[in-house]
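Engineer: pasting the sequence and the predicted model now:
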Amino acid sequence: MNQETYSSIWDAIEDTPAEAENMKLRAKLMTALEQHIVSKAWTQAEAARQLGVTQPRISDLKRGKIDLFALDGLVTMAVAAGLTVEMNVTEAA
């Protein structure tokens with residue numbers, strides 16, 4: 001049996017490296033937003049008001065429903081939360 005190793009779960013389950021990178025970025029943004037909401041002790045309703053989305057959208061975020069979020073929407077939410085989003089691009093190993 002030949003075992004492959006991956007640097008992340010996304011590398012293992014996504015079909016292409018591009019899809020894996022997209023999922024990694026979305027996961028990082030969702031985690032940062034969730035941590036920010038917790039640090040502010042916002043209710044879901046308050047988080048929704050602060051981020052300019054609906055309460056069910058915050059529920060989706062908190063439940064980790066990554067397939068319901070696109071990068072641009074997560075960046076918009078992060079900026080609305082007062083967070084700065086930075087990107088680091090390097091050559092693949």
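Structural biologist: Great, that's in hand. Just so it is clear, the structure is predicted and the values come from calculations on it, not from any experiment.
Engineer: by contact count, what packs against the lengthiest helix in the chain?
Structural biologist: For the chain, the helix with the greatest residue count under DSSP state H is helix 17-40. When contacts are defined as 3 or more C-beta pairs under 8 Å, 6 or more residues apart in numbering; DSSP states H and E, helix 17-40 packs onto helix 9-13, helix 44-51, helix 55-62, helix 71-80. (Each C-beta comes from the backbone N, C-alpha and C, glycine too.)
Engineer: just the buried residues of the longest one, please?
Structural biologist: For helix 71-80, the buried set under the neighbour-count rule, 16 or more other C-beta atoms under 10 Å, comprises L74, M77, A78.
Engineer: give me the pLDDT for the second one.
Structural biologist: Model confidence at M77, given as pLDDT, is 97.
Engineer: which ones are touching it?
Structural biologist: Listed by C-beta atoms under 8 Å, 6 or more residues apart in numbering, the contact set of M77 reads L29, L33, L51, G52, V53, L61.
Engineer: how about a cut-off of 7 Å?
Structural biologist: Taking C-beta atoms under 7 Å, 6 or more residues apart in numbering, we find M77 in contact with L33, L51, V53.
Engineer: and if you look at the last one?
Structural biologist: By C-beta under 7 Å, 6+ apart, the residues touching A78 are L29, A32, L33, V85.
Engineer: just L33 next, same as before
Structural biologist: For L33, the contact set (C-beta under 7 Å, 6+ apart) comprises L61, L74, M77, A78, A81.
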